[in-house]
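J.: Next come a sequence and a model predicted from it.
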Amino acid sequence: MAYKTLFTPINKKKYIGSEKEIRCRSLWERQFCKYLDENKNVVQWGYECLRIPYRILNENKNRTYIPDFIIKTNNNDNLEITVVEIKPSRQTKSPNSRKRKNIQECLTYAMNDSKWNYAKQFCEDRGWKFLILTERELFND
C-alpha cells in the first residue's frame with residue numbers, strides 16, 4: 001500500500017501527541033482515525049506512538065514493534081486501554097492454511113506473529129487489550 005496522507009483531528013485534545021504527525025498508511029487507518037476522533041467514548045488516542053520490544057523466533061536480534069493505535073476509552077465509568085493493529089485479513093492467517101503461498105508471505109506472517117504475541121503479553125501485563133482489526137471488523141455494518 002503506497003497510500004499516505006495526513007489526518008487532522010477535529011477533537012485535538014483527545015489526540016496524544018502532535019496532530020501534524022498523523023500520517024495514515026492506508027485508507028483503513030484513516031477511517032479508523034476519523035472513528036476515534038468522533039467517538040464520544042474515546043477519551044484519548046494516539047497513532048504509532050507506542051513501542052513494544054520483541055524478538056523473532058530463531059533470530060538473535062532485538063526489534064521494536066510500533067502498533068497502529070493506542071486508545072483509552074470510557075466504558076461505564078471504567079477507563080480501558082486498547083492497542084490496535086490494522087491489517088488485511090490475508091496477513092493475519094498462516095500461509096500454511098492457504099493453497100498458494102510464497103516465501104515472502106511466510107516471512108511476513110512469522111514476523112507479524114512474533115510481534116502480535118509479544119504485544120498480547122505486553123498488554124496483558126498492563127491490564128490492557130490487544131486487537132487486530134481487518135477489513136471484516138472495520139466494515140462489518
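T.: Cool, the structure landed.
J.: residues in contact with the nearest residue to P9 once chain neighbours are set aside?
T.: Counting by CB to CB, 6 or more residues apart in numbering, D37 is the residue found nearest to P9 once chain neighbours are left out, at 4.4 Å. For every residue, glycine as well, the C-beta is placed using N, CA and C. Counting by CB atoms under 8 Å, 6 or more residues apart in numbering, D37 makes contact with 9-11, 14-15, 45.
J.: helix/strand/coil for D37?
T.: At D37 the chain is in helix, as set by DSSP: H, G, I helix; E, B strand; the rest coil.
J.: Give me the distance between it and I66.
T.: 20 Å (CB to CB, to the nearest Å).
J.: Toward the C-terminus, what is the element adjacent to the lengthiest strand in the chain?
T.: Taking DSSP state E as the criterion, the chain has its longest strand at strand 78-86. Scanning forward in sequence from strand 78-86 by DSSP states H and E, the next helix or strand is helix 103-126.
J.: what helices or strands is that next one leaning on?
T.: If contacts are counted by 3 or more CB pairs under 8 Å, 6 or more residues apart in numbering; DSSP states H and E, helix 103-126 sits against strand 52-55, strand 62-65, strand 78-86, strand 129-133.
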